[in-house]
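Peer 1: give me coordinates for this.
(3 chains)
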Amino acid sequence: MTEITTTAASDRPAAIRLTTRQREAIAGVLFVAPDAIGLMLFIGLPMLLALGISVFEVDGFGGFKFVGLANYSKMWIDPLFWSSLRVTAQFTVMLVPLLYVTGLGLALLVQRTSKFNTVMRSMFFAPQMVSLVVVALVWQLMVVDKLGVLTRFAASIGLGGISFLGDPNLALFTVTLAAVWFLMGFYMLIFLGGLQDIPKEYYEAARIDGAGATQSFWFITLPLLRPTSFFVLLVSAVAAITGAQAFDLIYVMTRGGPANSTALLISYIYQQAFQYSAFGYAAALATLLVVLLMAVTVFFFLLTRGGRFDYE
Amino acid sequence: MTTTSNMPSGWSRRSILKGGAALGAAGLTMPFMGKAFAQDNTLSFWQFYAPGGDVKPQVDWFVKMVADWNATQSEQVALEYVVGSEYIGGTKLATSFASGQGPDIFIISPGDFLRYYNGGVLQDLTPAIEEAARADFPESVIANRMVDGKIFGVPMEVEPMAFYYSVKAFEEAGLNENDVPTTWDQLLEVGKKLTTAERYGVLFETNPGYYQNFTWYPFMWQGGGEFQSAEGKSAFDSPATVQALKLWQDAVNSGAAPRQMLGGGGGDIVANLGSGYCAMQNVGIWGISAMDNNAPDVPYGIFKLPVPTGGKYVTVGGGWAFVANSKGKNPEAAAKFIAWALASMAPDSIQRVVDWCTVAKSDMPPRNSALTAGGDAFNKGNMGIFGTQIHPGTRAEPRVPPEVYKIISDAIQQTQLGGADPQATATAASQQLDAFLASYSGAPIL
Amino acid sequence: MSTNLSRSQANVVRLVWMLVAAVLAVMAIFPLLYMLSIAFKGPTEVFKSNLIPAKPVFDNFVYVLTEVPFWRYLINTFVISAVVTVVALFFHTMAGYALARLRFPGREVVFLAMFSTFLVSLPVIIVPLFILVRSMGMLNSYAGLIVPAVFNAFGIFLLRQYYLSLPKELEEAAVIDGAGYWRISTSVILPLSRPIIAALAILFFLANWNSFLWPLTVASDQNLWVVQVAIANFKSQYAASWNYTMAASTIVAVPMLVLFVIFQRQIMDSIKTSGLKG
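Peer 2: Below you'll find the predicted structure:
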C-alpha cells in the first residue's frame, strides 16, 4: 500500500505544500482506488465486453460476424423472450412486496432484545446457511404431487389434486414462496438494523400523547424506516430482476417449466448462451436486462436524492 | 444456426480479445496473452467420469485406457474431470469453447452433435478408423454421428429406453407379470389400476429438456410419425404426432401420471420407482445398475415400450460419443486416440467396449463384435431383456439443432402440463418448424 | 384503567407475540429439518416424505468425510472465504470511508459507477471474466478463486451508509490535531466500525462459503475444489446421491449457524441503511 503511506507522509512539511482541501481529495481518490480498479477490471470490463458481443453473431466456437443490431431486432419477434420478460415481471411483482412484508414483519416480531428473540432471529436467518440447491431440493420434496407435506396440507383444506410445481398457473408462485423463505431472514436483519436507528423517545412521546401500537407503527416506524425501505425495495427488486437466487432455485425445481411458466429472463439468457452457444443473442438480452435494472436504479436514486437514503 | 466456421470473417476471437483489452486493461492483460495460449502438448480429455467420478469401475476404465495409450504413444493424453451436472447442463464446456480453449478430446450426446458440428469444432475421425471397424458399428448407432459419409464421433454406449415396474405395486393391485401392458390403452388402464392415494401408476418425464424430448420420440415414431419429412419440411403435424402428445396428456389428466418428478427427474429411477412414488417408470437401461446398487430391496421388472393400435414397436437409444476438437492442439492425434480406444478391430479395443458396457455401466454395446464378445452379459437376466427384446427395435436418438429441440419441447410441455389441445399444438409447432427449416443451413438434421 | 390491568394485558400481548414468533420460527426451520432428516436416511428412504428416518444411519456422514477428500474441500473453502473476507473488508472500509467522508472531485460519479456493478450478475459476464482471468494467468490457482471475488459493491455501499451515520466531530478533532487521513482511517474510523465489520465479515464469509459457479469455472484441478463443487459432484448423469448431498450440506451449514448465533448481536447493531444519525 505504498500510495497510502505517501499520503501519510505528505501530512508532514514536504516539498510541495498542499491545501487541506487538496490533501483530502488526494486521500479520497487513493482510498477509493483499489476497489474502483477492482470493480472496473473484474465486473465493469467483462460487462462492457459482454455488451460489445451483442452486435455480433457468435457461434461460441471462435466464429464472429458483425451483425449490427440484428440481435436486438430478433428480440421483438421472439415469443420466448417476451414470455420470459413477462415471467420476470410477475416474479418481481410477487417477490418484492412479499419480501418487504415478511422481512419487516419478522423484524417487528423479534426486535425486542431478549434471549428468546436471539434464538428466534437465528432460526429465521437459518435458511441462509444452506445452498440454494439444497433449498430447491427440500422444497421439491415438500410440494411434490400427492405426497408432499404442503400438498397434503392443501388436500386437507379442500385443495386435493393440486400440483404446486406441475401446474403452469402455480409453479411460479411456488418458486416465489421458496425464494421468500430463503431470503426473509436477510431482509429481517436489514430491517432490524433500521428499527434500532429510530430513537426510543419518539415512541415514548407518542404513548404519552395516547397513540396506540398501530398508530405508532403508521406514524413513527414506517416513516422513519423510509431509508431502510428504499434500500430493501431496491436490493430485492434488483435481486428479482437479475434472478440472483431464483436462477438456482428454478434450475433445480422446475427447469423453467412447466410450459415455460417459470422461465425467467436470466434463465433464457443462460440457455441461449450456454445451451445454444448463441452468445451474441444472449449478450443482447443481457444488455436489455442491464437497461431494465438501470431504469429501476435511476428511479430509486432519483427518489432518494443520489442514493443517500437519508430521511430529513 | 448458420455455419460460421467456414466464413471468411475478419473478426477472429483474438481480434475481439484485443479490442476488449484495449477497452480498459491493455497493460494488464496483453503481456500474459502469449503465455496463456502456449501450453504443453498433452491432449486434454474432458468428461464426467474420471478421475473425480464417484463410480470406481468407471474411473478405472478411463484411467486404464489412458494409461495404456500413454505407455505406447508419444502424444500423451490427460483426463480432465468435469462435474457431471455441470458438464451436461452447465457453463463449463461452453465457456471453454467460447473463450477459445476447448478440450482436445471430449464426449457429447446426440442432442449436442449439431451445435458442435455446425460450430466447426468436430474433427473428421474417418481417416483414423479402418474400414472393418467402420462396418462393425450398426447404422442405427453411427448414422447420427456422421455427416456426408464421414464419422465425427465414436459412440461408447447405447442406452435404449424401456419401462420398469415395481413388482410390489403390481401385487398390491392384484396384477402379475402377465398383465404387463403391450398397448398404449393397456398402459393407461394398468396405470390407473396401479394409482393409489400415495402412488402414481405410470411416470413420464415432466421436466423440460433434451432428455424429455429424447424419451418422447419413440411414442411419435411408433405411429409412423416424424418431425421432418424426407424433403426437409416439417412433418410434425401428423396423426402419429398428435396421438403421442395426447398419450402423455391423457396419462396426466387421468391422474395416473404425476406432473412433477422427484430427485434428478424422469431418468432417476431410485428416487421415483425406488421410493414408491410411481409403479411404472419410463427409464433407460441405466435403471438396472441404479436399482441394483441403490435400491437392492425393491424388486422390479422390465418391459418394452407398449405400442399404439396399428403401430410398430420402436424405442430410442441414447448414449454418448468420443469426439475430437478440430481446433485443438493436435486433432490428428486426438482422432487416432479415439479410433484406438473404441473403433479398432484389435481385441483390446473390442474388449474395452465390452467392459464399458458391462463392468463400468449396464449398457448395450455400439459394436456388433462387442455384442458377440460380451456373450451372456448381454443375453442373461435383466440385461438379457434389453439385449433380446428391447434393443433390437432401437432407433438412434435424433440430432437436432437447439431451435428444433425447443419447438418440440414446447409442444410436449404445452400439451402434457399446460392442457393445450394436441392437434392445435402440433399444427402450430409444425409451422414454427417449417419457418426454421427454411432458413437452416447446417448439417442434415436426423 | 389501572396500571395493574394494563401490565397484565401487556404480558398477555407479549406472550401471544412470543407464541407467534415461535410458531413462525419453527415453520422457518422446518425445511431444514428435512435436510437433516435426509442426511440420516439410507438411499431408498430419501424420497419418502417421513420426517423421522425409519432406519437412521450415520453412513452418509462417514462416506462424505472418509470416501471423499471433504476435509480438503472444507479447508480450501475456509481459506478462500477468509482471505476474500479480510481483503475485501480492508479495501471496502477505505472506499466506504472515502465515499462517505472525503470530498474529492467525481465522488458521486464514482459511487454511482460502483453501485451500478451491483446490477451485473455472474452468468452474464462469466465468459469475458473467464478470458480475463485466464489471460492474467490465474486459472487453476487460489488467486483466480480469490481475487475476482473480493470486489463487491454491496459491501462498499453498506459501509458507506454506516460511515455516513457516524458523528463527524470525532474525526474533526483528529484533523485539527494534524493527523493524516490514513491515520484517521486506521485509528479513529476503523475502531468505530468494529460492529459493521463483524456483520459484513459474516455476510461475506457466508457468501463465499456457499459460492459455486465461479469456483467451478475457474478451477478444474480437484485439489482446488470448494465444498459446493464437491457437493454438486454427488449428482451423476441421471441420478444423485441426495443423502450424501444433504449430509455434506449439513456439515457445511453447522459452522455458519454457530458463527451467526455468536455474532448476531453485532450484525443487528451495525447494519445501517440510512444516514440518519449523520
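
Peer 1: can you list the residues of the stretch 51-200 of chain A near chain B?
Peer 2: Contact residues, the stretch 51-200 of chain A versus chain B (Cβ under 8 Å from any Cβ of the partner chain): A:52-53, A:56-66, A:80, A:140-141, A:143-147, A:161, A:163-168. (Glycine included, C-beta is placed from N, CA and C.)

Peer 1: rerun that using 6 Å as the cut-off
Peer 2: Counting by Cβ under 6 Å from any Cβ of the partner chain, the stretch 51-200 of chain A comes close to chain B at A:59-65, A:144-145, A:163, A:165-166, A:168.

Peer 1: got those residues as TSV, with pLDDT and secondary structure columns?
Peer 2: Shown next, in TSV, are those (pLDDT from 0 to 100; DSSP: H, G, I helix; E, B strand; the rest coil):
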residue	pLDDT	secondary structure
A:Asp59	78	coil
A:Gly60	79	coil
A:Phe61	82	coil
A:Gly62	76	coil
A:Gly63	77	coil
A:Phe64	80	strand
A:Lys65	83	strand
A:Val144	92	coil
A:Asp145	92	coil
A:Ser163	93	coil
A:Leu165	94	coil
A:Gly166	94	coil
A:Pro168	95	coil
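
Peer 1: between those residues, which sits nearest B:Lys150?
Peer 2: B:Lys150 lies nearest to A:Phe61 out of these, by Cβ to Cβ, at 18.5 Å.

Peer 1: distance of that closest one from chain C?
Peer 2: The gap separating A:Phe61 from chain C is 12 Å, by Cβ to the nearest Cβ, to the nearest Å.

Peer 1: return the member of the residues of the stretch 51-200 of chain A next to chain B nearest to chain B.
Peer 2: Minimum distance to chain B across these is 2.2 Å, recorded for A:Gly166 (Cβ to the nearest Cβ).

Peer 1: right, and that closest one touches B:Ala257 too?
Peer 2: No - between A:Gly166 and B:Ala257 there is no contact under Cβ atoms under 6 Å: 9.9 Å.

Peer 1: contacting residues for residue 140?
Peer 2: By default, I'm working from chain A. Neighbouring residues of A:Gln140 by Cβ atoms under 6 Å, 6 or more residues apart in numbering or on different chains: A:Met253.

Peer 1: nope, chain C please
Peer 2: C:Asn140 neighbours (Cβ under 6 Å, 6+ apart): C:Ala219, C:Asp221.

Peer 1: does it count as helix, strand or coil?
Peer 2: Here C:Asn140 takes the coil state, with states given by DSSP: H, G, I helix; E, B strand; the rest coil.

Peer 1: pLDDT score for it?
Peer 2: Note on C:Asn140: pLDDT of 90.

Peer 1: so which of the residues of the stretch 51-200 of chain A next to chain B is the most crowded?
Peer 2: A:Leu165 (29 neighbours; other Cβ atoms under 10 Å in any protein chain shown).

Peer 1: state the distance from that one to chain C.
Peer 2: Taken as Cβ to the nearest Cβ, the span from A:Leu165 to chain C is 15 Å.

Peer 1: burial check on the closest residue to that residue other than its chain neighbours, number of neighbours?
Peer 2: In this structure, A:Leu165 finds its nearest non-sequential neighbour in B:Gln260, 4.7 Å apart by Cβ to Cβ, 6 or more residues apart in numbering or on different chains. Using other Cβ under 10 Å, B:Gln260 has 26 neighbouring residues.

Peer 1: enumerate every residue touching B:Gln260.
Peer 2: With Cβ under 6 Å, 6+ apart, B:Gln260 has these contacts: A:Val144, A:Asp145, A:Leu165, A:Gly166.

Peer 1: among those, which one sits closest to B:Lys327?
Peer 2: Proximity of the contacts of B:Gln260 to B:Lys327 (Cβ to Cβ) peaks at A:Leu165, which lies at 41.2 Å.

Peer 1: quick one: residues contacting that closest one.
Peer 2: For A:Leu165, the contact set (Cβ under 6 Å, 6+ apart) comprises A:Val143, A:Ala171, A:Thr174, A:Thr254, B:Gln260.

Peer 1: so the first one touches A:Phe164, yeah?
Peer 2: Right, A:Val143. Yes - with contact defined as Cβ under 6 Å, A:Val143 reaches A:Phe164; the gap is 3.7 Å.

Peer 1: any shared contact partners between these two?
Peer 2: Counting by Cβ under 6 Å, 6+ apart, the contacts common to A:Val143 and A:Phe164 are A:Thr174.

Peer 1: near chain C, which residues of the stretch 1-150 of chain A show up?
Peer 2: Neighbours of chain C within the stretch 1-150 of chain A, by Cβ under 6 Å from any Cβ: A:4, A:7-8, A:11, A:24-25, A:27-29, A:31-32, A:34-35, A:38-39, A:42-43, A:46-47, A:49-50, A:109-110, A:120-124, A:126, A:129-131, A:134, A:138, A:147.

Peer 1: so where's the stretch 51-200 of chain C shaky on pLDDT?
Peer 2: Along the stretch 51-200 of chain C, no part satisfies pLDDT under 70.

Peer 1: quick one: the helices in the stretch 151-278 of chain C?
Peer 2: C:153-165, C:169-176, C:181-183, C:190-192, C:194-209, C:213-218, C:227-232, C:242-270 (DSSP state H, counting those that start in this stretch).
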